[in-house]
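K.L.:
Fold the following for me, if possible:
(one chain, ligands or ions: 1)
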Amino acid sequence: MKKKRGLVWFKNDLRLHDNQALVTAHEECSELLFCYCIEKNDFSELELGFRRTDVIRFRFMEQSVLNLKKNLKSLGGHLIVGDDSALVTLPKLVEEYGITDIYAEEEYAAYEMALAKEVQDLLPKTKFHFFWGKTLYHKDDIPFEISKIPLTSKAYRIPVGKKTEVRKALSAPGKLNAVAGIKDEGFPSYKLYGFKKSEYENSAPLVEGGEDAALQRLDYYTFESRLLTGYRWSRNKSDGLDYSSKFSPYLALGCISARVIYEKVKDYEEKVKKNQSTWWLIFELVWRDYFTFKAMRFGSSVFRTKGYKNKEMEWENDPLKFEKWCQGKTGIPFVDAHMRQLNETGFMSNRGRVNCASYFVHDLKIDWTWGAAYFESKLIDYDVSSNWMNWHMQAFEIWYTNPVHQSNKYRAQDFIRQWIPELSDTNNIEALIPWQFDIPAYPKPIEIYKKWGRAVNLIEKLSP
Ligand code: FAD
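P.N.:
Residues are numbered from 1 along each chain as shown. Okay, the predicted model is just below:
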């Protein structure tokens with residue numbers, strides 16, 4: 001006989017499918033409440049002069065939460081959305097509804113873990129059940145203890161591939177045993193978080209948030225369009241929706257699970273095509289896992305300027321250069337086009353992220369944590385470990401990436417003309433090295449480095 005009155009606390013697992021916390025709560029409890037809590041602090045201003053989470057991420061989160069609410073309702077459920085903090089909303093709900101048990105996804109990063117712990121401390125009589133749900137391979141199945149996660153991805157990936165099976169994805173529950181009579185209070189206004197009407201209304205995330213859109217994207221990228229077959233060769237581009245999967249925003253908020261993607265790719269391999277592309281997409285999900293587990297191993301040190309290696313580097317930290325980089329006004333078109341795309345859509349290709357981060361760290365010599373914080377503020381796919389571990393790698397482990405050479409290698413002219421209106425009428429040479437021509441509307445570069453000389457010479461030989 002089920003006696004528990006449970007609460008499902010949704011965080012970055014905004015989905016019905018493959019959701020262990022939801023499924024277990026549904027099995028164990030006679031009645032359930034469903035809740036998502038916005039953390040007001042997430043929108044506060046950092047010393048660097050921007051918000052920790054900007055409006056475009058707010059918008060994407062709102063879309064995703066509203067879609068979850070709709071889907072819960074279709075199963076007879078509801079979704080209470082707290083507007084301040086879990087620390088305020090959960091104790092209130094526990095008291096008001098006599099909640100005995102709370103079910104949620106397990107956290108892995110310091111700030112989120114501290115919040116979950118604080119909530120637990122406030123509710124000593126409530127039983128908490130946390131379930132691992134973020135990664136492709138379950139944390140308990142990999143052949144490493146977290147404290148011994150290897151320092152290189154290869155040393156992680158090969159044993160995991162040989163020894164670990166991906167668990168089967170769970171189906172969404174059927175009709176929900178929800179507490180009756182919960183009033184729908186709508187979604188908290190952007191105004192509560194200090195956003196202006198115009199910035200809210202003008203923010204347009206690259207993709208629409210939510211589980212429905214995530215599952216549609218999965219179908220589209222695989223069986224519908226068969227774009228997956230060419231992923232290996234298209235993945236380094238920057239322009240449009242089709243060169244890569246765009247699963248990351250959905251994975252970040254848990255609108256889709258990595259296991260569901262895996263199962264779809266396996267099905268595709270059986271029915272359509274198995275090739276380097278299908279292998280590579282799974283390989284990228286394994287990278288995501290690796291960064292998650294490695295960030296867990298090193299804890300808060302991954303957010304420090306000296307990184308987890310405690311390595312001293314020389315930073316110039318010029319605030320003006322930082323501002324130009326943020327605004328996409330460095331005068332280096334490949335960097336600026338990507339930064340402007342990020343500011344407008346909340347998304348940037350992997351190629352763009354690598355170039356913007358490398359230029360930031362190795363050319364502008366600005367503390368890498370400032371750049372990582374800016375990406376955190378803007379990226380709709382912001383994920384603690386993917387963002388901070390990739391930035392960490394750019395700062396401490398990866399060789400320099402030359403943004404002038406790369407703009408030519410990836411034939412970025414159209415992309416540049418699209419995102420930098422000042423260069424929209426330029427020819428194929430001018431678009432890549434505008435400082436060599438008279439284009440007064442576009443900023444002059446912060447600096448032209450000698451090491452770019454060869455790349456500039458090659459561009460000058462292109463046909464305009
Ligand atoms: P696809 O190429 O289609 O890849 C499929 C999936 O694999 C992605 O959705 C993602 O979940 C995973 N993946 C791919 N590349 C990586 C990678 N290098 N590291 C971890 N996972 C990867 N990714 C995020 O999800 N959130 C971030 O906050 C984030 N910040 C980054 C910061 C920097 C400086 C760099 C260099 C990379 C960052 N990435 C981040 C990784 C990568 O750029 C994005 O995952 C990718 O561009 C998302 O597009 P996609 O879904 O179309 O990727």
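
K.L.:
Give me the below-cutoff pLDDT ranges for the stretch 301-450 of the chain.
P.N.:
Across the stretch 301-450 of the chain, nothing is flagged by pLDDT under 70.

K.L.:
Around the ligand, which positions in the stretch 201-350 of the chain sit nearby?
P.N.:
Residues of the stretch 201-350 of the chain lying close to the ligand by C-beta under 6 Å from any ligand atom are 235, 244-248, 251-252, 281, 284-285, 287-288, 291, 349-350. Heads up, the C-betas are built off the backbone N, CA and C, glycines and all.

K.L.:
Could you measure from the residue of the stretch 1-150 of the chain found nearest the ligand over to Thr164?
P.N.:
Nearest to the ligand in the stretch 1-150 of the chain, going by C-beta to the nearest ligand atom, is Leu136, at a distance of 9.5 Å. Distance of Leu136 to Thr164, given as C-beta to C-beta, to the nearest Å: 9 Å.

K.L.:
Check Ser257 too.
P.N.:
Ser257 is 16 Å from Thr164, by C-beta to C-beta.

K.L.:
in the strand ranked longest in the chain, what's buried?
P.N.:
Of all segments of type strand in the chain, defined using DSSP state E, the longest is strand 29-37. Under the neighbour-count criterion of 16 or more other C-beta atoms under 10 Å, strand 29-37 has 29, 31-37 buried.

K.L.:
for stretch 232-243, same thing?
P.N.:
Residues of stretch 232-243 classed as buried: 232, 235, 237-239, 243 (neighbour count, 16+ other C-beta under 10 Å).

K.L.:
so can I have a markdown table of the residues you listed showing secondary structure, distance to Glu47 and pLDDT?
P.N.:
A markdown table is the format used below for those (DSSP: H, G, I helix; E, B strand; the rest coil; distance: C-beta to C-beta, whole Å; pLDDT from 0 to 100):
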| residue | secondary structure | distance to Glu47 | pLDDT |
| --- | --- | --- | --- |
| Arg232 | helix | 42 | 97 |
| Arg235 | coil | 36 | 95 |
| Lys237 | coil | 36 | 92 |
| Ser238 | coil | 31 | 91 |
| Asp239 | coil | 34 | 88 |
| Tyr243 | coil | 36 | 96 |
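
K.L.:
Pick out the most distant pair among those.
P.N.:
Spatially, the most separated pair among the buried residues of stretch 232-243 is Arg232 and Asp239, at 17.6 Å (C-beta to C-beta).

K.L.:
Compare Leu136 and Thr164 and say which one has the larger neighbour count.
P.N.:
Legend: neighbour count by other C-beta atoms under 10 Å for Leu136 and Thr164, higher for Leu136 (20 against 16).

K.L.:
any idea where the strands of the chain begin and end?
P.N.:
Under DSSP E, the chain gives strands at 4-10, 29-37, 80-82, 101-105, 127-131.

K.L.:
Can you add mean pLDDT and give those strands back as TSV?
P.N.:
Putting the strands of the chain into TSV (pLDDT from 0 to 100) gives the following:
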stretch	mean pLDDT
strand 4-10	97
strand 29-37	97
strand 80-82	98
strand 101-105	98
strand 127-131	98
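
K.L.:
could you dump those strands to a markdown table with distance to the ligand?
P.N.:
Below are the strands of the chain laid out as a markdown table (distance: least, C-beta to the nearest ligand atom, whole Å):
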| stretch | distance to the ligand |
| --- | --- |
| strand 4-10 | 19 |
| strand 29-37 | 20 |
| strand 80-82 | 24 |
| strand 101-105 | 17 |
| strand 127-131 | 20 |
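
K.L.:
surely Ser407 meets Asn428?
P.N.:
No - using C-beta atoms under 8 Å as the test, Ser407 is too far from Asn428 to be in contact (10.7 Å).

K.L.:
Looking at those two, which is more packed in?
P.N.:
Between Ser407 and Asn428, counting by other C-beta under 10 Å, Ser407 is the more crowded of the two (26 against 16).

K.L.:
residue contacts, the more buried one?
P.N.:
Residues in contact with Ser407 (C-beta atoms under 8 Å, 6 or more residues apart in numbering) are 333-334, 416, 432.

K.L.:
Quick one, which of those are buried?
P.N.:
Using 16+ other C-beta under 10 Å as the burial test, these include 333-334, 416, 432 as buried.

K.L.:
tell me which of those is nearest to the ligand?
P.N.:
Nearest to the ligand among the buried ones among the contacts of Ser407, counting by C-beta to the nearest ligand atom, is Phe334 at 14.3 Å.

K.L.:
Okay, the residue nearest to the closest one when sequence neighbours are not counted and Asp414: tell me how far apart.
P.N.:
Distances taken as C-beta to C-beta, 6 or more residues apart in numbering put Ser407 closest to Phe334, at 3.7 Å, once the chain neighbours are dropped. Distance, Ser407 to Asp414, by C-beta to C-beta: 11 Å.

K.L.:
Spell out the residue ranges of the helices in the stretch 251-400 of the chain.
P.N.:
All helices of the stretch 251-400 of the chain, identified by DSSP state H, counting those that start in this stretch, fall at 258-271, 276-298, 319-327, 333-345, 350-358, 368-378, 384-396.

K.L.:
Those into JSON lines, with extra columns for distance to Leu176?
P.N.:
JSON lines is the format used below for these (distance: least, C-beta to C-beta, whole Å):
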{"stretch": "helix 258-271", "distance to Leu176": "20"}
{"stretch": "helix 276-298", "distance to Leu176": "29"}
{"stretch": "helix 319-327", "distance to Leu176": "44"}
{"stretch": "helix 333-345", "distance to Leu176": "35"}
{"stretch": "helix 350-358", "distance to Leu176": "38"}
{"stretch": "helix 368-378", "distance to Leu176": "34"}
{"stretch": "helix 384-396", "distance to Leu176": "30"}
